[in-house]
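# structure for this input, please:
(chains A and B)
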There are 2 protein chains.
Amino acid sequence: MTDVIMHNVTSADGFIADDHDDIGPLFDWYFNGEEPLSDDGSFRMTPQSADYVRSTWAAIGAMVIGRRLFDLMNGWDGRPPVGDHVVVVSHRPKPDGWHPEASYHFVDGVAEAVAQARHLAGDRAVSVASGEVGGQAFAAGLVNEVAMDVVPVVFGSGRRYFGSVTGQHRLEDPHVVIRGDRVLHLRYRVRRAG
Amino acid sequence: MTDVIMHNVTSADGFIADDHDDIGPLFDWYFNGEEPLSDDGSFRMTPQSADYVRSTWAAIGAMVIGRRLFDLMNGWDGRPPVGDHVVVVSHRPKPDGWHPEASYHFVDGVAEAVAQARHLAGDRAVSVASGEVGGQAFAAGLVNEVAMDVVPVVFGSGRRYFGSVTGQHRLEDPHVVIRGDRVLHLRYRVRRAG
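Residues are numbered from 1 along each chain as shown, chains lettered A, B, ... in the order given. Alright, predicted model coming up:
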């Protein structure tokens, strides 16, 4: 079965951005170390974070994101930050003429988006951005793993890592616990009923 | 300076109980191991959790709790679970005739409660139960450390670890990261503006 990994950076109280979509210091750890993540040198972090992020990203073939993130980032100008394909959950279609060369796909529902991303990813994993879209996928049982990069800051309010999920959902104990600088990398498998 | 440690067990999404004050599986790790926490054997956990909890509890002289917790537990029948003194933040006084022998003190405000607990604790630390009361103490800058026992479960809604705190508050990277069975013990110092 394809791994479907929900991921985001989060505050210690579970917010991925404040009420105005501002990430505050959540991404500081991407830029506070000596180790370049890749050849272009755009990210420099601690060796322990770089090792973790590199191996995680290398395993991912396609990512599912919400329209909000697409619009905020203008879809990274057609270059997926991770993997080779992006599936955007949106009621609105792809903007006319927007990077026709890029493998970006706009679909209406979360389940369909995850299915399409799994197809596109082939043997590799699917990443689902946490938040409203990720929370819907998680609640629907479409997520196998939860990856949280926990930053030591309290937000108080904002956009929640698990979106609007309701009811209790059990995870396994984290199989990844890596201490970085201004981040704690945690990764949990989702516990299946049974 | 007296250490004032905010503490609670929390879900991975930051809830210390559900909307009905039910803790669900949050306390399972207190009872799922071989190692008795103390002679009375009421808690049996993994050795790594027992070591951590024992040393943490031994350092605490007084605890501050809210009236909700006091009422839910009937004040542990006058026997503080940790330390020797309990300060209850409450607009209502101590119930008439309730365990007159016990060092339980009812005060009207969070700042006054923390001050009184520090006095009672002497050289030892003060524990503040997280939630509404703890969040108020944290927001007022009265808390030095944040101790979170993170259980791998998602609640979706309920009573929040940080209560109604607003605005961003930075913590240091966790100086304690201990993996138990159905719990991850984390402890952060509060970063002081400076």
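
# give me the low-pLDDT residue ranges for chain A?
A:1, A:194 (pLDDT under 70).

# near chain B, which residues of it are found?
A:12-14, A:18, A:24-25, A:138, A:146, A:148, A:152-157, A:160-162, A:164-174, A:177, A:179, A:181-182, A:184, A:186, A:188, A:191 (C-beta under 8 Å from any C-beta of the partner chain). For every residue, glycine as well, the C-beta is placed using N, CA and C.

# which ChimeraX command selects the buried ones in those?
In ChimeraX, a selection of the buried entries from the residues of chain A next to chain B looks like this (16 or more other C-beta atoms under 10 Å in any protein chain shown):
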select /A:12,13,14,18,24,138,146,148,152,153,154,155,156,160,161,162,165,168,169,170,171,173,174,182,184,186,188
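
# out of the residues of chain A next to chain B, list just those in helices.
A:Phe138 (DSSP state H).

# show me the residues of chain A next to chain B that map onto strands.
Secondary structure defined by DSSP state E assigns A:146, A:148, A:153-154, A:160, A:169-170, A:177, A:179, A:184, A:186, A:188 of these to strands.

# and the furthest pair within the residues you listed?
Spatially, the most separated pair among these is A:Val153 and A:Arg170, at 26.6 Å (C-beta to C-beta).

# phi and psi next, for the residue nearest to A:Pro47 when sequence neighbours are not counted.
Residue nearest to A:Pro47 in three dimensions, not counting chain neighbours: A:Glu35, with 4.7 Å by C-beta to C-beta, 6 or more residues apart in numbering or on different chains. Torsion angles at A:Glu35 (phi, psi; degrees, to the nearest 10) stand at phi -90, psi 120.

# A:Glu35 and A:Tyr52 touch, don't they?
No. Using C-beta atoms under 8 Å, A:Glu35 is not in contact with A:Tyr52; the gap is 11.1 Å.

# more crowded one of the two?
Comparing A:Glu35 with A:Tyr52 by other C-beta atoms under 10 Å in any protein chain shown, the one with more neighbours is A:Tyr52, at 20 against 15.

# next, that one: secondary structure please.
Of the three states, A:Tyr52 takes helix under DSSP: H, G, I helix; E, B strand; the rest coil.

# ok, it to B:Gly131 distance?
Distance of A:Tyr52 to B:Gly131, given as C-beta to C-beta, to the nearest Å: 33 Å.

# could you do A:Arg187 as well?
According to C-beta to C-beta, A:Arg187 and B:Gly131 sit 28 Å apart.

# who has more neighbours out of the two?
Higher neighbour count among A:Arg187 and B:Gly131: B:Gly131, with 24 against 20, using other C-beta under 10 Å.

# got the contact list for the more buried one?
Going by C-beta atoms under 8 Å, 6 or more residues apart in numbering or on different chains, B:Gly131 touches B:8, B:16, B:66, B:68-69, B:159-161, B:163.

# rebuild the residues you listed as a markdown table, extending it with distance to chain A.
Shown next, in a markdown table, are the contacts of B:Gly131 (distance: C-beta to the nearest C-beta, whole Å):
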| residue | distance to chain A |
| --- | --- |
| B:Asn8 | 12 |
| B:Ile16 | 11 |
| B:Gly66 | 18 |
| B:Arg68 | 20 |
| B:Leu69 | 20 |
| B:Arg159 | 13 |
| B:Arg160 | 7 |
| B:Tyr161 | 7 |
| B:Gly163 | 9 |
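
# which one of those residues is nearest A:Tyr30?
With C-beta to C-beta as the yardstick, the closest approach to A:Tyr30 among the contacts of B:Gly131 comes from B:Tyr161, at 25.9 Å.

# was I right about that closest one contacting B:Asp149?
No. With contact defined as C-beta under 8 Å, B:Tyr161 and B:Asp149 do not form a contacting pair (10.2 Å).

# can you list residues touching both of those two?
The contact sets of B:Tyr161 and B:Asp149 overlap at B:8, B:10 (C-beta under 8 Å, 6+ apart).

# can you report phi and psi for the closest residue in space to A:Asp173 that isn't next to it in sequence?
Take A:Asp173 and drop its neighbours on the chain: the residue closest to it by C-beta to C-beta, 6+ apart is B:Pro152, 5.6 Å away. The phi/psi pair for B:Pro152 (degrees, to the nearest 10) reads phi -70, psi 70.

# and for A:Gly61?
Main-chain dihedrals, A:Gly61, degrees, to the nearest 10: phi -100, psi -30.

# check contacts around the residue nearest to A:Pro47.
A:44-47, A:49-50.

# same check on A:Leu184?
A:149-150, A:152, A:177-178, B:173-174, B:177, B:186.

# and what of A:Gly122?
Going by C-beta under 8 Å, 6+ apart, A:Gly122 touches A:Gly61.

# quick check: it vs A:Ile5, distance?
A:Gly122 is 15 Å from A:Ile5, where distance means C-beta to C-beta.

# how many residues are close by the residue lying closest to A:Ala102 once chain neighbours are set aside?
Distances taken as C-beta to C-beta, 6+ apart put A:Gly78 closest to A:Ala102, at 3.6 Å, once the chain neighbours are dropped. Here the number of neighbours of A:Gly78 (other C-beta under 10 Å) works out to 14.
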